[in-house]
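pasting the structure only:
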């Protein structure tokens, strides 16, 4: 017989006072982390895979104290790393992680309720349904719309492709084709492959001078595929590409899909929440015409990583695509106001994600987030104008939202593409050298370019001004080093 454990002496069954002591230890470290964020590096690189990196560990041994474990975590594991919570982080698409969402996660983890079957925790399931409804209203979806919260845009894109496939194609989809621009996020291609489509049936369509999908090239390719017996069925558009923040011509794509009976999916993981602003709403005109939309609250709502969303114009399509019953489950709901999330998504067991969105929105309302997003649009325009005026700077893409791309180009015919790319690698390295800022690069048409993406809620005018000066100061030394 196993040795019995008394609840009075169970290390796993904390009483309220013991829990408070543990949390106070953690909170004291997090307070220091938050208070020092303005002075922290935006990134901490390592020169090789083992440099200053804590080694992998064997399995856990003897029990240890909360003090020791937390101390080692903060002292040994956090660095080296990128720091998306820093106001100087303007690389990739920044996160940030507002602390209020972490408070919500603490609550969700302690109460540990099961939320994907409505009857098990109806109040909490309704909370997630409310959050999804608010997001549907944000993009002006009709009352027929629905959706669910995901771990991020990649899972949302995959589920959208699966839903479209099961709605439009049935079981035989061997000749179906998908269309997206050559600026697509790789998760679109991965979603198609994981949904069962041959990679060769994902058509990467050329983009125009603004890095938006080329409508003429798209329609020509759709017609050519039909002519050889293939079955075009889905267009994946972008409301803010990763490379340059480009927004595809959504209205024209919706018209094509309507005429040709195609599914329109819009990946708005980065750009969708700019709908809260007047300028963003104009830039994203016709987003409501999509059949499905991916949003990432861990981008535009500044929430912790692991918070995505899939919205579907017709929520019944989600249920048709995902519903499979099991005799061990409670009876599922037929009332549209009572959502069984296990019936409209791939997951049966998962965390209670809604609280990390619901709590900040209840605390601050949409207007607060609108103000922050408006600030990011202004800051991007400020940086764009300042960098555009610098000598030897070539703008690759003007901002359509809060991202733009540029490169150093000394306007000489003596440099090959490879040499110009190497020059910009050195330029970017010099910009990032102080670690106060972190910009990233990408490759467009074989050209290495530098990106600025301003989205962290802690990024304000002072950081952007300093970053612009850092770019300016890096030009001459970079050019001199190439002589």
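In hand now; what should we look at? Please read all numbers here as calculations on a predicted model, not as lab measurements.

pLDDT below threshold where in the stretch 301-450 of the chain?
412 (pLDDT under 70).

the stretch 1-150 of the chain: strands as residue ranges?
146-150 (DSSP state E, counting those that start in this stretch).

so where do the helices sit in it?
16-36, 66-72, 99-111, 122-138 (DSSP state H, counting those that start in this stretch).

and the longest helix along the chain, what does it pack against?
Taking DSSP state H as the criterion, the chain has its longest helix at helix 355-388. When contacts are defined as 3 or more CB pairs under 8 Å, 6 or more residues apart in numbering; DSSP states H and E, helix 355-388 sits against helix 99-111, helix 122-138, helix 278-283, helix 297-300, strand 393-397, strand 403-408, strand 447-453, helix 461-481. Any C-beta I mention is one placed from the backbone N, CA and C, and that applies to glycine too.

picking up where we left off before, ranking the helices of the stretch 1-150 of the chain by burial, who's on top?
Most buried of the helices of the stretch 1-150 of the chain, by mean neighbour count (mean count of other CB atoms under 10 Å): helix 122-138, with a mean of 19.

what's that one packed up against?
Helix 122-138 packs on strand 146-150, strand 308-312, helix 355-388, going by 3+ CB pairs under 8 Å, 6+ apart.

any chance of these in a markdown table, with mean neighbour count too?
Supplementary listing: the helices and strands packed on helix 122-138 in a markdown table, determined by neighbours: other CB atoms under 10 Å:
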| stretch | mean neighbour count |
| --- | --- |
| strand 146-150 | 28 |
| strand 308-312 | 27 |
| helix 355-388 | 18 |
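
Throw those into CSV and include distance to residue 240, thanks.
CSV is the format used below for the helices and strands packed on helix 122-138 (distance: least, CB to CB, whole Å):
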stretch, distance to residue 240
strand 146-150, 18
strand 308-312, 14
helix 355-388, 12
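
residue 436: which of those is closest?
Residue 436 sits nearest to helix 355-388 of all the helices and strands packed on helix 122-138, at 14.9 Å, using CB to CB.

buried ones in the one helix or strand residue 427 maps to, by neighbour count?
Counting by DSSP states H and E, the element that carries residue 427 is helix 417-432. Neighbour counts using 16 or more other CB atoms under 10 Å place 420-421, 423-424, 426-428, 430-432 of helix 417-432 among the buried residues.

residue 151 against residue 303, yeah?
No: here residue 151 does not reach residue 303: they are 12.0 Å apart, not a contact under CB atoms under 8 Å.

more neighbours: those two, which one.
residue 303 (25 against 16; other CB atoms under 10 Å).

next secondary structure after the helix holding residue 427?
Next element after helix 417-432 (DSSP H and E): strand 440-444.

from the contact counts, what lies against that following strand?
helix 417-432, strand 447-453.

tally up the residues packed near the closest residue to residue 204 other than its chain neighbours, please.
Leaving out its chain neighbours, the residue that sits closest to residue 204 by CB to CB, 6 or more residues apart in numbering is residue 182, at 4.5 Å. By other CB under 10 Å, 17 other residues sit near residue 182.

start the count at 716 instead of 1 going forward.
I'll keep to 716 as the first residue from here, and by that count the last item is residue 897.

residue 897 and residue 1155: what is the separation?
19 Å (CB to CB, to the nearest Å).

circling back: now mean pLDDT and distance to residue 1102 too, for the helices of the stretch 716-865 of the chain, in a markdown table please.
Listed next are those as a markdown table, based on pLDDT from 0 to 100; distance: least, CB to CB, whole Å:
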| stretch | mean pLDDT | distance to residue 1102 |
| --- | --- | --- |
| helix 731-751 | 95 | 29 |
| helix 781-787 | 94 | 42 |
| helix 814-826 | 97 | 32 |
| helix 837-853 | 97 | 31 |
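
looking at those, which is nearest to residue 804?
Here helix 731-751 is closest among these (CB to CB), at 14.9 Å.

outside of the closest one, which residues touch it?
Helix 731-751 is contacted from outside by 729, 781-782, 785, 789, 814, 821, using CB atoms under 8 Å, 6 or more residues apart in numbering.

swap the cut-off to 10 Å and go again
726, 729, 755, 780-782, 784-786, 788-790, 793, 800, 814, 817, 821, 825 (CB atoms under 10 Å, 6 or more residues apart in numbering).

next, the angle from it to helix 814-826.
Interaxial angle, helix 731-751 versus helix 814-826 (axes from the mean of the first three to the mean of the last three CA atoms, to 10 degrees): 160 degrees.

and helix 731-751, how far from the chain's centre?
Remark: helix 731-751 is offset 29 Å from the chain centroid, using CA atoms, centre = their mean, to the nearest Å.

equivalent analysis for stretch 828-838, please.
Mean-position distance between stretch 828-838 and its chain equals 27 Å (CA atoms, centre = their mean).

show me what counts as buried in it.
Going by 16+ other CB under 10 Å, stretch 828-838 has these buried residues: 830-833, 836.

could you dump the helices and strands packed on helix 1070-1103 to a markdown table with distance to residue 804?
Output for those, formatted as a markdown table (distance: least, CB to CB, whole Å):
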| stretch | distance to residue 804 |
| --- | --- |
| helix 814-826 | 17 |
| helix 837-853 | 25 |
| helix 993-998 | 21 |
| helix 1012-1015 | 13 |
| strand 1108-1112 | 20 |
| strand 1118-1123 | 14 |
| strand 1162-1168 | 9 |
| helix 1176-1196 | 9 |
